[in-house]
Every structure is written in C-alpha cells, then in structure tokens.
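J.: got a predicted structure here, sequence first:
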Amino acid sequence: MTVTTDTSAPSLPRTLQGITCVIVGMFLFVGQDVLMKGMLTDFPVWMLIFVRSIVALLTLLPLVLWLGAPHRIFTPLWPWYLARAALFASGFALFYAAFPFMGLAEVTTLFFAAPLMTATLAAVFLQEKIGLHRTAALLVGFAGVVIAMNPAGGNFGWVSVMPLLCALTYAISQTIVRKIGERDTSLVIGLYTISFSGLLIVPMGFVVTQLITITPELHHLRMNWPVPDAEGIARLALLGAIGTVAYTLVSRAYQIASASVIAPFDYSYLPLAALMGYFLFGEVPPQTTFIGMVLIVASGMYTAYRELRVVRPEADNPPTAQTVFTPGAPAVVLADALDAEAVELDEVGEEIT
C-alpha cells in the first residue's frame with residue numbers, strides 16, 4: 001500500500017461533494033429510521049434488523065470482492081468483529097424497541113450521547129488525553145443528556161434508558177475498533193459487523209421473548225415472524241437498501257473531504273429526525289429534548305473542533321472520539337477514513353461514486 005505525503009487541503013469540489021454525501025447520507029439514515037418506526041406495527045424488531053443485515057451483506061460482499069485489495073474477506077480479526085456485532089445487535093435492538101414509546105427526536109437525541117461516552121471510555125481504557133476544554137465540553141454534553149432524559153418529568157421510565165444503553169454499546173464498540181480499525185478497511189469492518197449482527201439478532205430475540213411476557217404494547221418484540229406479501233417484501237428490501245446506501249455515502253464523505261469539515265454535518269441527523277417525527281408522526285418533542293439536543297450538539301462539535309485542530313505526527317492516530325456517529329451505522333474511527341484519502345484505495349473508490 002503506497003502512502004502519499006501530500007497533506008494539502010481537499011479541493012473545493014471534493015469538499016462540496018463530501019458535504020453533499022454526508023447530508024444525503026444523514027437524510028437517508030433518518031428515512032431508514034422512519035421506515036423502521038412505521039414497520040414495527042407489522043414486523044418484529046428482530047426481523048427488521050435481520051433483513052437489513054441480509055440486504056447489506058448481499059450488497060457489500062460483492063463490492064468487497066470486486067474492489068479487491070486492500071479489502072479482504074478472510075481476516076484474523078473476526079473475533080473482534082463478532083464482539084462488535086454483539087454490541088451492535090443488542091444496542092440497536094434496544095434503540096428500535098424504544099420507538100413505539102418515544103418520539104423519533106427524543107430517542108435519537110439520547111443516542112447522541114454515544115460520542116460523549118466514547119471520549120470518556122477512550123480516556124479511561126485507551127489512555128487518550130483529555131484536556132480542560134474537552135472535559136468541560138463532555139460535562140456540558142452529559143448535562144444535555146440528563147436534561148433530555150428529564151428524570152424529574154412524569155414521562156421518565158425504563159424506556160428512556162434504552163437509547164442510552166444503545167449509546168453505551170455503540171461507544172464500547174468504537175473503543176474496540178480503535179484498536180483494530182487500521183488493519184482492515186471501513187468496508188470490511190462494516191461487512192463483518194452487519195453480517196454477524198444479522199446472525200446474532202435471531203438468538204437474541206429468542207432469549208428476550210423467553211425472559212419477558214409479550215403484552216400488546218410489546219407486540220414489536222414478538223418472535224413469530226409474519227410472511228410478508230409483495231408490498232412487505234418491497235418495504236423490507238427498501239429498508240436494507242436505504243441503510244446500505246447511507247452508510248456508503250457517509251463513509252465516502254470522510255474519504256474525499258477533510259474530517260474537520262465533514263464531522264459537524266453528522267449532527268444534521270438530529271434536526272432532520274425532529275422534522276420527520278413532526279410531519280410524519282405528529283410528534284412534538286418536549287422543551288427539555290430541544291435544550292438537551294442543543295447542548296449535546298454544541299459539546300460534540302466543540303470536542304471535534306478542539307481535537308481536529310491538534311497537529312499530530314503522521315504516525316499518530318486521531319482520537320477515538322473522531323468517529324461517525326449515526327444510529328444504525330457500524331461506524332469506524334476516522335483514522336481509517338483519513339488514511340483512505342491518502343492511499344491508492346481512494347482512486348478505486350472514485351469508481352463507485
């Protein structure tokens with residue numbers, strides 16, 4: 001693999017292309033979650049996650065085979081990917097299971113505690129340094145999480161904790177990939193994570209249904225999977241396709257443009273989710289959700305700004321906090337995406353955009 005030494009900023013057309021890719025990707029991810037929320041009345045959450053994984057596998061596997069090196073199908077890192085898939089599957093089962101009880105904006109706002117948790121875990125377990133500015137930003141972000149949860153409000157309950165548990169599993173998976181992300185490409189990491197999560201979600205669903213009583217309000221957690229008709233098959237295929245395309249677009253955005261420019265646009269997911277929830281489901285988030293959203297976004301963007309402006313040696317990796325955080329996406333550390341901009345893989349990637 002040949003690494004170039006050109007560290008010049010991306011050209012304006014590439015930057016605009018990257019911004020366009022990430023915004024379209026965020027819009028598609030919101031669309032995926034809107035579809036998921038609407039389909040939970042007809043299909044259990046386990047089935048939806050499984051089908052989405054199958055569609056992604058059928059898309060990413062041929063792509064990896066076609067692109068060839070440096071992508072690889074057989075990797076010795078598969079036990080780590082299996083662990084990440086377990087976190088991914090269990091976490092997003094919790095995330096989507098909260099949809100019938102909470103508004104789209106409320107669930108996603110709490111999920112965006114993931115970057116804050118990741119930065120904290122990286123400091124504790126990876127000995128990544130957190131300065132005074134980042135510490136203050138993290139405290140502001142966690143205050144936003146508490147405000148968004150509104151524990152003193154009358155609607156607070158166990159369901160409010162589910163998106164936070166998803167954020168925690170997501171943060172742990174990012175801490176894992178910080179150790180392995182440089183030895184495999186984003187496509188390979190995504191392929192393994194999504195594929196393994198599809199396999200694991202079935203026994204997970206079975207165990208859950210044995211431990212709890214499936215009441216009418218928990219109908220979306222049932223294990224009996226209906227046989228979809230033609231319309232249902234089309235909706236399931238669309239769900240998987242939207243998620244796969246969105247993941248590819250966001251990954252591509254970080255390959256062709258500066259991470260410091262692209263990272264703030266990840267947070268475009270939150271207002272898009274709030275708007276979709278309002279117009280499609282008539283959801284009006286409480287004021288505490290909006291206040292918490294503002295604090296979380298401000299904390300995340302300031303943390304990214306502080307870290308991305310640090311001048312690091314070429315051999316040094318960006319901190320774990322520099323990652324793509326999007327519900328349902330097997331995000332990878334931006335070191336992988338930044339490296340891709342400087343290696344020959346970038347030339348191959350041009351062919352698929």
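T.: Now that the structure is in, tell me what you want to look at.

J.: grab the nearest non-local neighbour of Thr185.
T.: His71 (5.2 Å; Cβ to Cβ, 6 or more residues apart in numbering). Bear in mind the C-beta positions are built from the backbone N, C-alpha and C, glycine included.

J.: got a list of what the one you found touches?
T.: Taking Cβ atoms under 8 Å, 6 or more residues apart in numbering as the criterion, His71 is in contact with 64, 185, 187-188.

J.: give me that answer again for 10 Å
T.: 60, 63-65, 184-188, 191, 345, 348 (Cβ atoms under 10 Å, 6 or more residues apart in numbering).

J.: helix, strand or coil for it?
T.: coil (DSSP: H, G, I helix; E, B strand; the rest coil).

J.: and the pLDDT for it?
T.: If you check His71, the pLDDT there is 82.

J.: give me the distance between it and Leu63.
T.: Noted for His71: a distance of 8 Å to Leu63, by Cβ to Cβ, to the nearest Å.

J.: any common contacting residues for these two?
T.: 187, 191.

J.: quick check: which ranges of the stretch 1-150 of the chain have low pLDDT?
T.: Across the stretch 1-150 of the chain, the ranges flagged by pLDDT under 70 are 1-12.

J.: let's see 80
T.: 1-15, 115, 119, 122, 126-131, 150 (pLDDT under 80).

J.: for the stretch 151-300 of the chain, just list every one of the helices.
T.: 158-180, 186-211, 230-256, 259-262, 269-281, 287-308 (DSSP state H, counting those that start in this stretch).

J.: among those, which is nearest Phe92?
T.: helix 158-180 (6.1 Å; Cβ to Cβ).

J.: which positions within that closest one qualify as buried?
T.: Under the neighbour-count criterion of 16 or more other Cβ atoms under 10 Å, helix 158-180 has 159-160, 162-178, 180 buried.

J.: ok, now stretch 33-46?
T.: Quick answer for stretch 33-46 (16+ other Cβ under 10 Å): 33-37, 39-40, 43-46.

J.: can you tell me which of those residues end up in helices?
T.: 33-37, 39, 45-46 (DSSP state H).

J.: so what's Thr288 closest to, chain neighbours aside?
T.: Asn150 (4.3 Å).

J.: can you report how many residues lie near the one you found?
T.: 18 (other Cβ atoms under 10 Å).

J.: that one contacts Phe290, doesn't it?
T.: No - counting by Cβ atoms under 10 Å, Asn150 stays clear of Phe290, with 11.4 Å between them.

J.: follow-up on the earlier one: next one: the residue nearest to Thr288 from Pro100, what distance?
T.: 19 Å.

J.: just Met223 next, same as before
T.: 17 Å.

J.: equivalent analysis for Val124, please.
T.: 34 Å.

J.: which one of these two has more residues nearby?
T.: For Val124 versus Pro100, neighbours defined as other Cβ under 10 Å are more numerous around Pro100 (16 against 11).

J.: one step back: ok, the residue nearest to Thr288 to Pro271 distance?
T.: Taken as Cβ to Cβ, the span from Asn150 to Pro271 is 20 Å.

J.: now do Val55
T.: 27 Å.

J.: compare those two (neighbour count), which wins?
T.: Comparing Val55 with Pro271 by other Cβ under 10 Å, the one with more neighbours is Val55, at 21 against 15.

J.: which element is the more buried one on?
T.: Assigned by DSSP states H and E, Val55 belongs to helix 45-67.

J.: same question, Gln127
T.: Judged by DSSP H and E, Gln127 forms part of no helix or strand.

J.: just read off the phi/psi values of it.
T.: phi 60, psi 30 (degrees, to the nearest 10).

J.: pLDDT wise, what is the closest residue to Val24 other than its chain neighbours at?
T.: Distances taken as Cβ to Cβ, 6+ apart place Leu249 nearest to Val24, at 5.6 Å, with adjacent residues excluded. In this model, Leu249 is scored at 84, pLDDT.

J.: for Thr326, same thing?
T.: pLDDT, Thr326: 52.

J.: before we move on, the earlier item: in JSON lines, list the buried residues of stretch 33-46 along with distance to Leu116.
T.: Shown next, in JSON lines, are the buried residues of stretch 33-46 (distance: Cβ to Cβ, whole Å):
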{"residue": "Asp33", "distance to Leu116": "21"}
{"residue": "Val34", "distance to Leu116": "25"}
{"residue": "Leu35", "distance to Leu116": "28"}
{"residue": "Met36", "distance to Leu116": "24"}
{"residue": "Lys37", "distance to Leu116": "25"}
{"residue": "Met39", "distance to Leu116": "30"}
{"residue": "Leu40", "distance to Leu116": "28"}
{"residue": "Phe43", "distance to Leu116": "32"}
{"residue": "Pro44", "distance to Leu116": "31"}
{"residue": "Val45", "distance to Leu116": "26"}
{"residue": "Trp46", "distance to Leu116": "29"}
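
J.: farthest pair within the residues you listed?
T.: Comparing the members of those, the greatest separation, given Cβ to Cβ, is between Val34 and Trp46, at 19.4 Å.

J.: packing partners for the host helix or strand of Ile147?
T.: Using DSSP H and E, Ile147 falls within helix 132-149. Applying 3 or more Cβ pairs under 10 Å, 6 or more residues apart in numbering; DSSP states H and E, one finds that helix 132-149 contacts helix 104-111, helix 114-125, helix 158-180, helix 287-308.
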